[in-house]
Structures are given as structure tokens and as C-alpha cells.
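K.L.:
Predicted model, plus sequence, below.
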Amino acid sequence: MTRDPDDRLVSASPGLPEATGSRRMDWAAMPREVTARIGQLLGSPVAHAVSQRGGFSEGLAARVRLENGKRAFIKAADSPVAPAVADFHRREIAVSERLPREVPAPRLLDAYDDGTWVVLAFEEVVGHLPAQPWRREELDRVLAAVTDMAEVLTPSPVTEAILGKPRLGGWSAMADDAALRDKVEELSPWAARHFDQLVALEENASLEGATLLHGDLYPFNIMLTADRVFAVDWPHAWIGPRHCDAVTLMSSASLSGVDPRPIAENHPLTRDLDPARINEMLALHAGFLLRTAAAAGPDADPNIVAMMTALGLASLRWLRGARL
């Protein structure tokens, strides 16, 4: 019996694909005037910096120790080189400035934008990413934190005016694009067979809600300490139904061999939902990821494409078990 390609691609290896992009900048490559400005922001010159390899965005991510002994986490992007990332950083500054202290996110210490360089300085979180494949104890900790976060962020403390649109949907856009549909069929024959149902789920989806959602809540954007869970990287925040972050996080757990359905049946943010709401979110999530992966050109970071493909197929795998 030939194995369904959908299953093979989702479960080819336990855990997430490589969560490191290929275009990170090293601290040593930063212009001296920018590193000097960072020292001015933080009140002391940088004595030591360690560039961080994880994550996908172009630009700098570094842990720094200052001459006065204090520490910080720095993100920076060069607008002419990486304009989209610089814009994400600008939005993250606006969101981070408005997050209540109760939100489990690193505090923004300072930031600047001179039109070319956009720099953010956060408090350093000394912790680790969740293990992949997921350990159930860590997954339960994170899902409990997501519940608490939804309470704090309802109603949203950030207005829609400074937020981007949710990165959701793609089936309708692919309906008249034969080339993209062919690529998605290669990734998921099941999606090709159920394309009309996926379009209908997307078109009928309700995204009404008052909760500020992270919008990119995957294991590579979570830090664990001994007693806390932190959600990092907030440029894709949006306002909508409080269950959406929980659903996307649960769907990613299937890459670790974890069935998300019993988790959703018992989780406070999803257990009382009409199953149609979950199906809609899964379709929207998979549509964005698979359309973006299918449309990626030869210059796209292959690790990003692999991650999007795996996460998109993970959502479809959950959806396949539902009645469409």
C-alpha cells in the first residue's frame, strides 16, 4: 500500500524542521556607528556580543553584555537590505510598547529608527526553546500560558491601526492560479481533492474577536525558564478570536507525533467551541502557509519554505480528521 504523501511529509522526522534561517547577520558585521548607538541606548558600551543563529528573519539577533555588567537582547535590520524585516521591527516596537506588564513577553528597553537601521533592545530572557519533539510537560506549560495570555489581552490593549492583517488564508487566491494549485497538489493530494471545501471554510470563516493574538506562536517563538513561559517576536500580532493562537500551537504539536484533537477537546480556549470554528482556523492557517511555500521563488530561504510546508501540512492533517 502506498503511503499518502500528506502523511509522509508531515511525519518524515519528529519535531519541527530546521528553525534557523540562512540570512542572519553577525554582530561583527554591524556598522560601528550602530553598535555605538546601541551602547548609548542602554547606558553603557557593549563589551561582548553573541549572535543568535535561531529564527528566520534577515538581520541581527544577539545577546549582549555591557561594560557595566548588564545584559540585553538586540534585534536590528538594515532597511535598504531587508525592508520587510525592518517594517516588521517597526511594528514590533509599536506592539511591544503597548503590551501590559502581565503579558509573558520580554520587556522592550529601548529602540531607535534612523530611517536606515531599526534597532530593538529587549531585556534578556535566560531560558531555552521548548524541546522538539515536544515534551508533554512543556507543551502543557505553554498551553496554560496561552490561556492566561488570552485573558490579559482581552480586550486588546493595541489598536488595529498599528497592526498588520492576520497572515491567514490562501485557498481563494489559489483558485484561479493553476501553477500554484499544481504545487499544492504535490504537497498535499488531500488538499487538491478537497479544494472547494477548503475555499468554503476560508470564505465563511469568522475572525470576529477582541483578543490581541501573537499571530506567530510556534515553538521557535517561545522561551522557557524554570518558572515562566515567554512569547517572543510580536510583529504579526492581530485582533481576533481568543482561540486562534492555541489552535495554531496545537496543530504544530502533530509534528511531534502528538494528536491535537484530545488536547483541543479539553483546553479552556477550545473545549466549548463549535468545531466549525476550529476547522475554519485550520483551513486559514494552512492556506496561508502552503500558498506562501508554493509561491516561493528560487531565492527563498529553503528553511523557511520547509517550515511553512510542515506547519501547513500539520494543520491539514488535523483537518482531515474532521467532517468538512
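P.N.:
The structure has been received and is ready for your questions.

K.L.:
CA atoms for contacts and neighbours, from now on please.
P.N.:
Noted.

K.L.:
who's in contact with the residue lying closest to Val119 once chain neighbours are set aside?
P.N.:
Nearest residue to Val119, sequence neighbours excluded (CA to CA, 6 or more residues apart in numbering): Ala76, at 4.3 Å. Shown in contact with Ala76 (CA atoms under 8 Å, 6 or more residues apart in numbering): 59-61, 86, 89, 117-120.

K.L.:
quick one: Ala76 and Met223, what's the gap?
P.N.:
From Ala76 across to Met223, the span is 20 Å (CA to CA, to the nearest Å).

K.L.:
if we take the contacts of Ala76, which one ends up nearest to Ala253?
P.N.:
Using CA to CA, Ala61 comes nearest to Ala253 of those, at 26.0 Å.

K.L.:
The closest one should be in a strand, yeah?
P.N.:
Yes - assessed by DSSP: H, G, I helix; E, B strand; the rest coil, Ala61 belongs to a strand.

K.L.:
could you pull out the strands for the stretch 151-300 of the chain?
P.N.:
211-213, 222-224, 229-231, 238-240 (DSSP state E, counting those that start in this stretch).

K.L.:
how about those strands in TSV, adding mean neighbour count and distance to Ala72?
P.N.:
Below are the strands of the stretch 151-300 of the chain laid out as TSV (neighbours: other CA atoms under 10 Å; distance: least, CA to CA, whole Å):
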stretch	mean neighbour count	distance to Ala72
strand 211-213	26	25
strand 222-224	20	15
strand 229-231	22	15
strand 238-240	24	26
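
K.L.:
Tabulate those (JSON lines), appending mean pLDDT and distance to Ala293.
P.N.:
Formatted as JSON lines, the strands of the stretch 151-300 of the chain follow (pLDDT from 0 to 100; distance: least, CA to CA, whole Å):
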{"stretch": "strand 211-213", "mean pLDDT": "98", "distance to Ala293": "23"}
{"stretch": "strand 222-224", "mean pLDDT": "97", "distance to Ala293": "23"}
{"stretch": "strand 229-231", "mean pLDDT": "98", "distance to Ala293": "25"}
{"stretch": "strand 238-240", "mean pLDDT": "98", "distance to Ala293": "22"}
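
K.L.:
Show me how this structure divides into domains.
P.N.:
Following automatic domain parsing, the chain resolves into domains at 24-122, 129-320.

K.L.:
distance between the ends of the last one?
P.N.:
It stands for domain 129-320. 29 Å.

K.L.:
before we move on, the earlier item: over to the residue nearest to Val119: give its phi and psi.
P.N.:
phi -150, psi 150 (degrees, to the nearest 10).

K.L.:
partners of it in the sheet?
P.N.:
Leu60, Val119 (DSSP bridges).

K.L.:
separation between it and Val50?
P.N.:
Relative to Val50, and taking CA to CA, Ala76 is found at 14 Å.

K.L.:
that older thread, where is pLDDT lowest across the contacts of Ala76?
P.N.:
Confidence by pLDDT is poorest for Gly59 among the contacts of Ala76, given 88.
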